[in-house]
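# Below is the structure, and that's it, no one-letter string:
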Ligand SMILES: O=C(O)CCC(=O)C(=O)O
Ligand SMILES: [Fe+2]
């Protein structure tokens with residue numbers, strides 16, 4: 001096998017296009033070179049990276065580095081985090097020193113040996129991609145960017161095939177690395193080693209110091225000048241002279257670690273070529289192009305299967321690369337994925353970089369944060385003492401641009417100020433309207449509402465519909481107060497059917513205790529101080545009372561309510577007592593204080609349980625004029641009584657039966673009531689038959705004397721024919737029925753008047769009566785002989 005120094009040269013074509021056996025053979029060669037030397041040169045890669053492309057890449061590389069320094073410096077590399085842009089290595093070293101003298105000394109000792117342009121993946125596919133942009137000389141070399149991006153892609157493809165060959169050789173399966181290297185976290189480096197005086201670098205100066213590469217594999221395209229040296233196992237640097245149409249491939253540290261040291265990452269350097277013209281005072285210019293391939297940044301690098309006992313703990317690609325970068329570039333360190341910084345560096349809240357110490361105005365607290373009293377600038381990259389550049393503090397320690405108005409920590413246009421706020425130009429904020437219901441307002445004062453949410457806009461305030469002045473109504477579609485039609489006090493809208501009341505008062509609402517005076521067009525006070533409303537200003541016109549009771553248009557205290565009325569607390573009115581009740585504390589039974597008569601004159605009587613009844617309870621009787629139920633005089637034999645007196649008689653306190661008299665008393669049977677007889681069954685003096693003047697009962701032969709019937713017919717006494725009967729007893733007949741042998745003797749039938757006597761005489765003249773004597777009644781004598789006359793003493797209650 002051909003070699004360049006110790007570097008084997010391998011034909012890659014059989015791997016790309018050959019049989020499986022050929023593939024495996026090439027893979028083994030590749031694997032062996034990587035395990036032995038860590039370096040190899042690949043030939044026949046044309047299908048992936050055509051020679052014409054390589055030539056163009058070199059031509060553009062030269063063109064780039066030939067650009068004026070001002071142009072290149074504008075594309076300057078800024079930090080390892082981005083790792084993109086133009087690097088003038090010597091310059092960078094100088095800038096790392098702090099003192100002026102040290103910078104000057106280094107400039108003399110270590111002039112620029114090389115310059116590079118670092119290029120990363122130029123587009124973003126996912127969150128894993130670097131946020132940094134490539135720095136392209138677009139204005140000066142328009143073709144440069146598209147070409148290099150294509151070259152980047154070509155190199156990526158070649159690197160994938162190399163990884164496949166290694167995977168195949170290691171028994172991992174050809175596609176093992178495919179999804180572990182597909183995010184193209186690679187770095188394409190164009191190198192220029194300018195032509196310089198040899199004398200300047202005599203004494204050990206290198207174009208690139210000895211080092212190993214960090215990633216998986218490096219693809220190195222070198223021109224014909226040479227200078228690359230690879231360290232052998234004894235530690236000697238062996239030139240790897242350029243071989244036309246080949247690409248140098250060397251294993252990086254990460255692949256060595258991944259392979260558990262099976263594959264070797266070999267130290268190399270670039271020196272002045274050994275075989276140049278020694279008489280030439282200047283070194284030749286050299287260009288090379290390195291493609292540093294890396295695993296995906298979040299790929300965990302743990303020793304590959306079949307590589308023995310792990311020598312290293314697993315590590316994430318990004319963390320590993322960051323660490324390697326931080327070892328060489330001390331001043332800025334990319335923060336790890338979790339926002340951590342490597343030891344001795346501090347995360348900075350306001351920048352993507354880790355710092356050795358917190359900058360001015362910042363203080364370390366789980367990273368650098370703004371000191372108390374400082375503010376963060378608009379871009380959130382710096383801590384400032386005051387907001388600058390027309391920005392203003394927004395309250396949370398940050399500054400916001402003054403072009404907008406602050407609303408909930410955001411800058412908005414005045415139109416975007418939220419409901420209930422207004423764009424305050426002075427405070428540069430959407431400030432709350434004074435009116436809580438205002439949707440918008442012109443400033444923060446009361447009375448500046450421009451629109452309302454739920455209430456109605458009236459003169460710059462949002463008023464509830466009940467608070468709108470007389471003559472206005474709340475329009476729900478616009479939430480504004482609108483005028484009712486002329487003369488309408490309250491309305492639900494304009495037009496017919498929407499008026500609720502007519503305007504009488506000019507006041508907002510009719511105040512309590514006033515009446516609408518149509519003449520004065522004013523609400524004037526009621527005369528009655530307790531009236532809540534009244535019909536006019538005169539006494540007696542109250543319609544309702546506040547604390548007292550309305551009685552006939554006057555508000556009176558409960559004690560002053562007239563008889564026959566009671567105070568009703570619900571309506572604050574004096575209400576009439578029930579029928580027959582002249583004084584009461586309320587309606588219904590139990591509330592009567594005094595009784596009277598109803599409209600028809602029927603008396604009512606106050607019962608002991610405060611009711612007014614027309615009929616008192618048994619044993620009591622209504623008494624006038626007191627209209628009370630009083631106990632009947634049971635001692636006098638009165639069992640029940642009423643206003644007129646006794647109604648039912650019984651035994652008196654002497655044990656004698658008494659009889660109800662026509663005069664409503666209870667009397668003994670001996671008391672004489674002409675026309676009545678004492679009836680034992682009813683304990684009542686019952687009336688004799690019609691026309692019977694006196695009697696002892698209603699049966700035949702119980703008459704004592706006769707008189708005139710109600711219809712005017714005279715009756716004549718006929719003595720009883722029954723010998724066993726008392727001779728004074730008999731019966732009464734009309735004249736025509738006088739028994740034979742008797743005549744109707746009118747003179748005995750009635751005392752009569754002169755006229756009556758004449759009439760009787762006239763009547764008699766027509767009779768030829770054969771009766772005996774129709775005798776004159778003998779009542780007085782009969783009673784006197786039979787009964788003991790007693791004085792009748794009224795015992796009715798007064
Ligand atoms: O320029 C070269 O030939 C080698 C450069 C190199 O090894 C590197 O940049 O890592
Ligand atoms: Fe290198």
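Here it is on my side, so go on. Quantities reported herein were computed from a predicted structural model and do not represent experimental measurements. Numbers count the residues shown, from 1 in each chain. Ligands and ions are numbered 1, 2, ... in the order given.
# For residue 267, see how far away the residue of the chain found nearest ligand 1 is.
Relative to ligand 1, the nearest point of the chain is residue 288 (3.5 Å; CB to the nearest ligand atom). For glycine as for every other residue, the C-beta is placed from the backbone atoms N, C-alpha and C. In this structure, residue 288 lies at 17 Å from residue 267, with CB to CB, to the nearest Å as the measure.
# what's the answer for residue 12, then?
From residue 12 to residue 267 the distance is 25 Å (CB to CB).
# Please say which of the two ends up with more neighbours.
Neighbours were counted for residue 12 and for residue 267 using other CB atoms under 10 Å; residue 12 has more, 27 against 17.
# ok, for that one, nearest residue in space, not its chain neighbours?
Distances taken as CB to CB, 6 or more residues apart in numbering place residue 42 nearest to residue 12, at 4.5 Å, with adjacent residues excluded.
# thought residue 184 was touching residue 154?
No - Residue 184 sits out of contact with residue 154 when judged by CB atoms under 8 Å, with a separation of 11.9 Å.
# Which SSE is immediately downstream of the helix ranked longest in the chain?
Assignment by DSSP state H gives helix 144-169 as the longest helix of the chain. Per DSSP states H and E, the first helix or strand lying C-terminal to helix 144-169 is strand 187-193.
# and that next one, does that touch ligand 1?
Yes - part of strand 187-193 sits near ligand 1 under the criterion CB under 6 Å from any ligand atom, namely 189, 191.
# Packing partners of that strand?
Under the contact definition 3 or more CB pairs under 8 Å, 6 or more residues apart in numbering; DSSP states H and E, strand 187-193 sits against helix 51-65, strand 115-119, helix 144-169, strand 286-292.
# next one: the longest one to chain centre, how far?
Spelled out, that is helix 144-169. For helix 144-169, the gap between its own C-alpha mean and the chain's C-alpha mean amounts to 60 Å (CA atoms, centre = their mean, to the nearest Å).
# pLDDT (mean, whole number) over it?
Averaged across helix 144-169, pLDDT comes to 97.
# Same question for stretch 428-437.
The pLDDT scores in stretch 428-437 average 88.
# From one end of it to the other, what's the distance?
End-to-end distance for stretch 428-437, by CA to CA, to the nearest Å: 22 Å.
# Can you list the buried residues in it?
Of the residues in stretch 428-437, those scored as buried under the neighbour-count criterion (16 or more other CB atoms under 10 Å) are 428-431, 433-435, 437.
# Same check on stretch 175-185?
For stretch 175-185, by 16+ other CB under 10 Å, it's 176-177, 180-181, 183-185.
# Then stretch 669-682?
Judged by neighbour count using 16+ other CB under 10 Å, the buried positions of stretch 669-682 are 669, 671-673, 676-679.
# for stretch 454-474, same thing?
Counting neighbours by 16+ other CB under 10 Å, one finds that the buried residues in stretch 454-474 are 455-458, 460-463, 467-468, 470-474.
# Which members of those occur in strands, if any?
Among those, the members falling in strands are 456-458, 461-463, 472-474 (criterion: DSSP state E).
# Out of the buried residues of stretch 428-437, which sit inside strands?
Using DSSP E to define strands, the subset of the buried residues of stretch 428-437 located there is 429-431.
# so what's residue 198 up against?
Residue 198 makes contacts with 272, 280-283, as judged by CB atoms under 8 Å, 6 or more residues apart in numbering.
# of those residues, buried ones?
If you count burial by 16+ other CB under 10 Å, the buried members of the contacts of residue 198 come out as 272, 283.
# Can you report phi and psi for residue 514?
Dihedral pair for residue 514: phi -130, psi 170, per degrees, to the nearest 10.
# Relative to residue 542, how far out is the residue lying closest to it once chain neighbours are set aside?
Of all residues not flanking residue 514 in the chain, residue 523 sits nearest, at 3.8 Å (CB to CB, 6+ apart). Spatial separation of residue 523 from residue 542 under the definition CB to CB is 15 Å.
# Between these two, tell me which one has more neighbours.
When residue 523 and residue 542 are compared on other CB under 10 Å, the one with more neighbours turns out to be residue 542, at 29 against 19.
# Let me see the contact set for the spatially closest residue to the more buried one that is not a sequence neighbour.
Across the structure, with CB to CB, 6+ apart as the measure, the residue nearest residue 542 apart from its sequence neighbours is residue 531 (3.7 Å). Taking CB under 8 Å, 6+ apart, we find residue 531 in contact with 513, 541-546, 555.
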